[in-house]
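Trainee: please work out how this folds:
(one chain, ligands or ions: 2)
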Amino acid sequence: MKTCLERIPQDVVALCDYERLAPEFLPPDIWAYLAGGAADERGLKVNQEAYRQWSIQPQVLVEMHGASSTLQLRGGQLPHPFFIAPMAAHRLFHAEGELATALGAAAMGAPLVMSCRASTPIEAMPRHLGVPLWFQLYVRKDREFMLGLVRRLEDAGCDGLVVTVDAPVSGIRNREQRAGFRFPEEIEAPHLVGEPAWPVVESVLDPRYLAELPTWEDLIWLKNQTRLPVWLKGVLSVADAQRAVEASFDGLVVSNHGGRTLDVLPAPLKVLPEISREVAGRIPVLVDGGIRRGTDAFIALALGADAVMVGRPMLYALAVAGAVGVAHALRILCHELEVAMLLAGCPTLPSIRGRVRPVMKG
Ligand SMILES: Cc1cc2nc3c(=O)[nH]c(=O)nc-3n(C[C@H](O)[C@H](O)[C@H](O)COP(=O)(O)O)c2cc1C
Ligand SMILES: CCCCC(=O)C(=O)O
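Mentor: Numbering: from 1, shown residues only. Ligands and ions are numbered 1, 2, ... in the order given. Below is the predicted model of the structure:
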C-alpha cells in the first residue's frame, strides 16, 4: 500500500485517474466501503449511465464577453457550482482526514458538507476557510440530543444543515460485507457521542425500530429550532419536493445516496427535471450521484440543477494526494466545465438551462 503522494503524477488529468490510483493507497476493506454501492450496485451504474443519455447542444459564435462560472445561491456567490458531498470518516482515507479535505476545498472555493460521521470535530476545523462549511445530520427522535447537536454546530460557526432523509437504515452493502469492512475503533465519531443507540432488533420492521424513525413533523420541528438554513438530501420524488417547499426548507439535494441505500432507485439525473419543474426556482435544487466530469455538471445544470455535489472522486483524490489532490480534482472539474461552457456558447450558469438533447438510440 502506498502512502499519500505530495506531488501529482503527470498522467493524473481526469477524475477517473484518481479512481484508478486510489486502491493502491487504501486497504481492500476501506476501498470496498468507499467505492461500493448497495447489493448488486445497479444504482452505482445507473447514476453514471444517466449522464451518457444526454449530449450538449452547442451554439457557435456567441458573444462570451464577461463569461463566468460564478454561482449565485441564496443571495451569496460562489466561484463555481461544485460542492463536496457529505461523506463519513475522511480519516479512513488520509491521516489528516477532514482537515485535508477542507484545505483542498478552500483552495478551490468549494463548500464542504461535513458528515455526521466525520472523524474530526467541527470545532477543530479551521474557522476562516473562506468557503461555506455545512454539516449533514440525521434527525433522531431524541429532541434533547438533537438540540444539543444543533447548538454545538451553531457555536462552531457552521453555515448550514443538510438533513439526510434517504437512509433510515443502512443499505445492503454486499461489497463491504465480503471485504469485512467495519469502522475501525480508532477512527472517532465525535458528533455521535451521546447519540441514542438504535434498538438491536431482528427485523427493521420491529416496532421498536420503527418508533425511532423521523417523520416530516420531526424535520419541521428541527427547522424551527435554528436560524441556519436547513436543506433536505435524498429527495427523489415530486411529492416530497413539493412538501419540502411548502414546509419552507431552504434547499434540496436530489440524490440516491450514490447508490448506497437501495440499489434499485432511479438515477437522480432522471428525476431532476420533474423535481426542478415542480420547485420552479422557489428553493435551490442540487443533485449528486455519478458526477465525474465538468460536462456531467453541465448536463445537470441544463436539466434543472442549480449546482452539484461530488462524492467518491473527492475521497479518491484525498487518498492519493491529500489536500493537494482534493484541490486538483476540483480544479479539473472547474476547468472541464469552463471549457464546456465556452465550446457550447454558454457564458453563465443560468444560460446552460435547457442546452442538452437526448442521445439518439441505435
Ligand atoms: C464513503 C462514503 C460515505 C458517505 N457518507 C455519507 C454520510 O455520512 N451522509 C450522507 O448523507 N451521505 C453520505 N454518502 C453519500 C454522499 O453524500 C453522496 O450522496 C454520494 O456519494 C454521491 O454520489 P457519488 O459518490 O457518485 O458522487 C457517502 C458516500 C460515500 C462514497
Ligand atoms: C453514519 C455513517 C453514514 C455513512 C453513509 O451514509 C454511507 O456510507 O453511505
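Trainee: ok, the residue of the stretch 251-362 of the chain found nearest ligand 2 to residue 35 distance?
Mentor: Nearest to ligand 2 in the stretch 251-362 of the chain, going by CB to the nearest ligand atom, is residue 260, at a distance of 4.2 Å. All C-beta atoms are positioned from the backbone trio N, CA, C, and that covers glycine. According to CB to CB, to the nearest Å, residue 260 and residue 35 sit 11 Å apart.
Trainee: more neighbours: those two, which one.
Mentor: Using other CB atoms under 10 Å as the criterion, residue 260 and residue 35 rank with residue 260 on top: 25 against 17.
Trainee: just checking, that one touches residue 43?
Mentor: Yes - counting by CB atoms under 8 Å, residue 260 does reach residue 43; the two are 7.4 Å apart.
Trainee: tell me the contacts of residue 242?
Mentor: Residue 242 makes contacts with residue 278, as judged by CB atoms under 8 Å, 6 or more residues apart in numbering.
Trainee: and it, which helix or strand is it part of?
Mentor: helix 238-246 (DSSP states H and E).
Trainee: what are the C-alpha coordinates of that helix, in CSV please?
Mentor: C-alpha atoms of helix 238-246 as CSV (Å, rounded to 0.1, in the frame of the first residue of the first chain):
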residue,chain,number,x,y,z
VAL,A,238,-42.0,15.4,-6.9
ALA,A,239,-44.4,14.9,-4.0
ASP,A,240,-41.5,15.1,-1.5
ALA,A,241,-40.1,18.1,-3.2
GLN,A,242,-43.4,19.8,-3.1
ARG,A,243,-43.7,19.1,0.6
ALA,A,244,-40.2,20.5,1.3
VAL,A,245,-41.1,23.7,-0.5
GLU,A,246,-44.4,24.0,1.4
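Trainee: and the very next helix or strand once past that helix, how far out from the chain middle?
Mentor: Sequence order places strand 251-254 as the next helix or strand after helix 238-246, per DSSP H and E. Relative to its parent chain, strand 251-254 has a centroid offset of 10 Å by CA atoms, centre = their mean, to the nearest Å.
Trainee: list the helices and strands strand 251-254 packs on?
Mentor: On a contact count with 3 or more CB pairs under 8 Å, 6 or more residues apart in numbering; DSSP states H and E, strand 251-254 meets strand 230-235, helix 268-279, strand 285-288.
Trainee: tell me the angle of the second one relative to strand 230-235?
Mentor: To tie it back to what came earlier, the one meant is helix 268-279. 130 degrees (axes from the mean of the first three to the mean of the last three CA atoms, to 10 degrees).
Trainee: burial check on the residue lying closest to residue 191 once chain neighbours are set aside, number of neighbours?
Mentor: Nearest residue to residue 191, sequence neighbours excluded (CB to CB, 6 or more residues apart in numbering): residue 116, at 5.3 Å. Neighbour count for residue 116, taken as other CB under 10 Å: 19.
Trainee: is residue 116 in a helix, a strand, or coil?
Mentor: Secondary structure, DSSP: H, G, I helix; E, B strand; the rest coil: residue 116 is coil.
Trainee: likewise for residue 163?
Mentor: Going by three-state DSSP: residue 163 is strand.
Trainee: right, and it touches residue 137 too?
Mentor: Yes - using CB under 8 Å, residue 163 is in contact with residue 137, at 6.0 Å.
Trainee: which element is the closest residue to residue 67 other than its chain neighbours on?
Mentor: The shortest distance from residue 67 to any non-neighbouring residue, by CB to CB, 6+ apart, is to residue 347 (3.8 Å). In the assignment (DSSP H and E), residue 347 maps to no helix and no strand.
Trainee: for residue 347, give me its contacts.
Mentor: Counted by CB under 8 Å, 6+ apart, residue 347 has contacts 62-68, 341.
Trainee: again, but for residue 119
Mentor: Shown in contact with residue 119 (CB under 8 Å, 6+ apart): 88-92, 97-98, 187-190.
Trainee: the longest helix anywhere in the chain near ligand 1 at all?
Mentor: Looking across the chain with DSSP state H, the single longest helix is helix 312-344. Yes - with CB under 6 Å from any ligand atom as the criterion, ligand 1 is reached by helix 312-344 at residue 312.
Trainee: what lines up beside the following helix or strand past that helix in the sheet?
Mentor: Note on helix 312-344: by DSSP H and E, the next helix or strand toward the C-terminus is strand 356-358. Strand 356-358 has the following strand partners under DSSP bridges: strand 54-56 (antiparallel).
Trainee: for the strand it pairs with, buried residues please.
Mentor: Within strand 54-56, the residues that count as buried by 16 or more other CB atoms under 10 Å are 54, 56.
Trainee: now the helix or strand following it: average pLDDT?
Mentor: Downstream of strand 54-56, the first helix or strand assigned by DSSP H and E is strand 71-73. Mean pLDDT, strand 71-73: 97.
Trainee: and strand 71-73, how far from the chain's centre?
Mentor: For strand 71-73, the distance to the chain centre is 17 Å (CA atoms, centre = their mean).
Trainee: contacting residues around the helix or strand just after that strand?
Mentor: Tracing the chain C-terminally past strand 71-73 and defining elements by DSSP H and E, one meets strand 76-78 next. With contacts defined as CB under 8 Å, 6+ apart, strand 76-78 is touched by 70-71, 109-111, 131-132, 307.
Trainee: pLDDT on strand 76-78, on average?
Mentor: The model assigns strand 76-78 a mean pLDDT of 96.
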